[in-house]
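*Asks:* based on what follows, work out the 3D shape:
(one chain, ligands or ions: 2)
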Amino acid sequence: MDYKRPMRTVAVLGGGIGGLAASYYLCKSSQVTKVIVLESSSRFGGWLQSTRRSDGAVFEHGPRGFRPAGAMGRNTLNMVDDLGLGGEILPVTYNHLASKNRYLYVNKQLHRMPSGISGLLQTVPPFSRPLLLSVAMEIFVKKGKEDDESIHSFVSRRLGKELADVAVDSLCRGVFAGDSRKLSVRSCFPPLYNAEQHRGSLTLGMLLGSGPTPVIPPGPLAQKAIKELWAQWSLKRGVESFPESITEYLQRSGRVQLQREAAVKQISPSASGWKIHLEDGVILADHVISALPAKALSSVLPSSCQLLIEHLQDIFTATVAVVNLEYEGSILPVEGFGHLLPSSEDLGLLGVIYDSVAFPQHNRPNGQTTRLTVMMGGAWFQEVFGSPESVTEQCLLAKATEAVHCHLGVTTAPIWSWVALQKNCIPQYYHGHFRRVESMRSFIRKNNLSLSLIGSSYDGVSVNDVIFIGRKAVEELLGTEV
Ligand SMILES: Cc1cc2nc3c(=O)[nH]c(=O)nc-3n(C[C@H](O)[C@H](O)[C@H](O)COP(=O)(O)OP(=O)(O)OC[C@H]3O[C@@H](n4cnc5c(N)ncnc54)[C@H](O)[C@@H]3O)c2cc1C
Ligand SMILES: C=Cc1c2[nH]c(c1C)Cc1[nH]c(c(CCC(=O)O)c1C)Cc1[nH]c(c(C)c1CCC(=O)O)Cc1[nH]c(c(C)c1C=C)C2
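*Replies:* Ligands and ions are numbered 1, 2, ... in the order given. Here you go, the predicted structure:
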């Protein structure tokens, strides 16, 4: 990329949190005269979707809580602070039940996941030996020889098959809605891969660090999070206030043109950068930052980018059915964040989040209610429910309420429900994903394309990752920190 080219106009494709974050960082630089954000739908924010009911209850249909820890967590909180959203935060501290208690539903029973020293020392069902034993033995396991491996194979090799089959299989469903036997350890959990590479062991990596991490100084809000021991946070009016607040900030800046219902149809190279074809016109830009899902980008690139197109098309995504349920009264037999199911227990049922425990502030203000979210499908959607195009809301709602009945013993019917079928919402970083991403970025460099790839398709799916990746792309483009 030729950084000396003046960056008069930057077009950001896609107005999810990735595209909005990149636009926010572009706005911080005087090198950019104009930013155009092109979003195909009628709203900004992508998967950050909250329903605010008129009685005050809030329901999330995508992410619901963010981690403040680490460089990426601090980076997000610094942005939230700058946007003036600090007063809207709902923190959950480490000593809260929603942080201490996470459950697995195995052999038709809820099991609290082991935590703390006693959890490591004792044999805690569904596991057949103390975790400390697996952790201690792990130090002596030889380093793998492959440059990538499935998460399941990596954990089986280092910590044993039981932990891989139950704990890590469930974890992959609770973060990627994906199959640990196909997902790449190197791309999905870089700290685990790096720990083995740099320290020869996960245990030593945890104790000594597993490699360099970006330096992000904590601002006042991030300092507060450290001091008050926040484990996760949400926002009073739901997580959708975050993209709403970025959008307002961008509008106030006077340099950003925000276009809704502006689907990008095609992009083609022009003398000074790119021509962007929309339904009703063409936009010229010196640089394009794509925050589109990989497949959407593949369908708008010119045929001269064939290698890029092929790689993008091969990045698969999982579809998740998100069913929000509201029950009268306090109906939970246990208190905690929620529970996950390994694929051996139920292929299609990924897990249940006990939203009312972490964020009771989102309950209806009058009278006691319990809010739960059931997540289903993921990598197994088609196998269990058939085509997402033909599955009915009734079928998904019935499966969700049945799960709440079987797993939690709730016999009453929900008083309110919402079914959101989130099609192709979580990218699946399969074995070898890192090579694909390297090859795409190398193609862009070699062909001197003024194109940056950001968003959840490449380097991390969490909201913190996506925001940080947006920032890095802007810094690389401008050749300076923002
Ligand atoms: C159910 C669920 C639960 C999750 N839970 C968490 C969580 O607890 N914590 C966490 O950190 N993360 C969570 N995530 C992940 C996180 O929400 C996403 O990875 C992140 O929001 C992705 O942001 P993005 O901007 O990359 O993509 P998107 O949100 O997909 O944004 C891409 C945008 O591009 C637009 N677009 C598509 N095609 C075109 C086109 N041709 N022209 C113009 N615009 C186009 C789309 O409409 C969309 O708005 C969850 C995700 C889901 C689905
Ligand atoms: C059951 C399905 C899902 C649940 N959440 C998600 C899915 C697909 C999506 C998701 N959850 C998290 C992230 C971000 C990861 C990050 O790096 O911050 C995403 C994309 C957070 C998360 N949720 C669980 C874990 C262990 C994590 C990782 C970070 C952390 O430790 O907080 C567990 C979990 N997720 C779900 C349930 C029911 C559950 C556990 C009880 C729902």
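*Asks:* flag every residue of the stretch 1-150 of the chain that's near ligand 2.
*Replies:* 67, 102 (CB under 6 Å from any ligand atom). Glycine gets a C-beta too; all of them are placed from N, C-alpha and C.
*Asks:* up against ligand 1, what does the stretch 1-150 of the chain have?
*Replies:* Within the stretch 1-150 of the chain, the positions near ligand 1 by CB under 6 Å from any ligand atom are 13-19, 38-41, 46-48, 62-66.
*Asks:* quick check on those residues: which are buried?
*Replies:* Buried subset of those (neighbour count, 16 or more other CB atoms under 10 Å): 13-19, 38-40, 46-48, 62-66.
*Asks:* just these: which are in helices?
*Replies:* Among these, the members falling in helices (DSSP state H) are 17, 18, 19.
*Asks:* any chance of the residues you listed in JSON lines, plus distance to residue 167 and pLDDT?
*Replies:* Converted to JSON lines, those look like this (distance: CB to CB, whole Å; pLDDT from 0 to 100):
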{"residue": "17", "distance to residue 167": "29", "pLDDT": "98"}
{"residue": "18", "distance to residue 167": "30", "pLDDT": "98"}
{"residue": "19", "distance to residue 167": "35", "pLDDT": "98"}
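*Asks:* out of those, the closest to residue 475 would be?
*Replies:* Using CB to CB, residue 18 is the member of those that lies nearest residue 475, at 15.0 Å.
*Asks:* which residues touch residue 44?
*Replies:* 15, 16, 20, 37, 243, 244, 246, 247, 258, 260 (CB atoms under 8 Å, 6 or more residues apart in numbering).
*Asks:* sorry, back to before: going by distance to residue 73, which of the ones in helices among the buried ones among the residues of the stretch 1-150 of the chain next to ligand 1 wins?
*Replies:* Distances from residue 73 to those, taken by CB to CB, are shortest for residue 17, at 14.5 Å.
*Asks:* quick revisit: the buried ones among the residues of the stretch 1-150 of the chain next to ligand 1 in strands, which ones?
*Replies:* With DSSP state E as the criterion, strands contain 13, 38 from among these.
*Asks:* ok, the closest residue to residue 208 other than its chain neighbours - contacts?
*Replies:* Excluding its sequence neighbours, the residue lying closest to residue 208 (CB to CB, 6 or more residues apart in numbering) is residue 199, at 5.9 Å. By CB under 8 Å, 6+ apart, the contact set of residue 199 is 205, 208, 210.
*Asks:* list the buried residues for the helix or strand of the chain with the lowest mean pLDDT?
*Replies:* Here the helix or strand of the chain ranked lowest by mean pLDDT, DSSP states H and E is helix 116-121, holding a mean of 79. If you call a residue buried by 16+ other CB under 10 Å, then helix 116-121 has these buried ones: residue 120.
*Asks:* likewise for stretch 68-85?
*Replies:* Those buried within stretch 68-85 under the rule 16+ other CB under 10 Å are 68, 72-81, 83, 85.
*Asks:* for these, give me TSV that also has pLDDT and secondary structure.
*Replies:* As requested, the buried residues of stretch 68-85 are exported to TSV (pLDDT from 0 to 100; DSSP: H, G, I helix; E, B strand; the rest coil):
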residue	pLDDT	secondary structure
68	98	coil
72	97	helix
73	98	helix
74	98	helix
75	98	helix
76	98	helix
77	98	helix
78	98	helix
79	98	helix
80	98	helix
81	98	helix
83	98	coil
85	98	coil
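*Asks:* and of those, the nearest to residue 331?
*Replies:* residue 68 (29.9 Å).
*Asks:* quick one: pLDDT of the closest residue to that closest one other than its chain neighbours?
*Replies:* Counting by CB to CB, 6+ apart, residue 68 lies nearest to residue 225, which is 4.0 Å off, once chain neighbours are set aside. pLDDT, residue 225: 98.
*Asks:* so who does residue 225 touch?
*Replies:* 68, 73, 77, 91, 218, 233.
*Asks:* doesn't residue 221 make contact with the third one?
*Replies:* Yes - using CB atoms under 8 Å, residue 77 makes contact with residue 221 at a distance of 4.8 Å.
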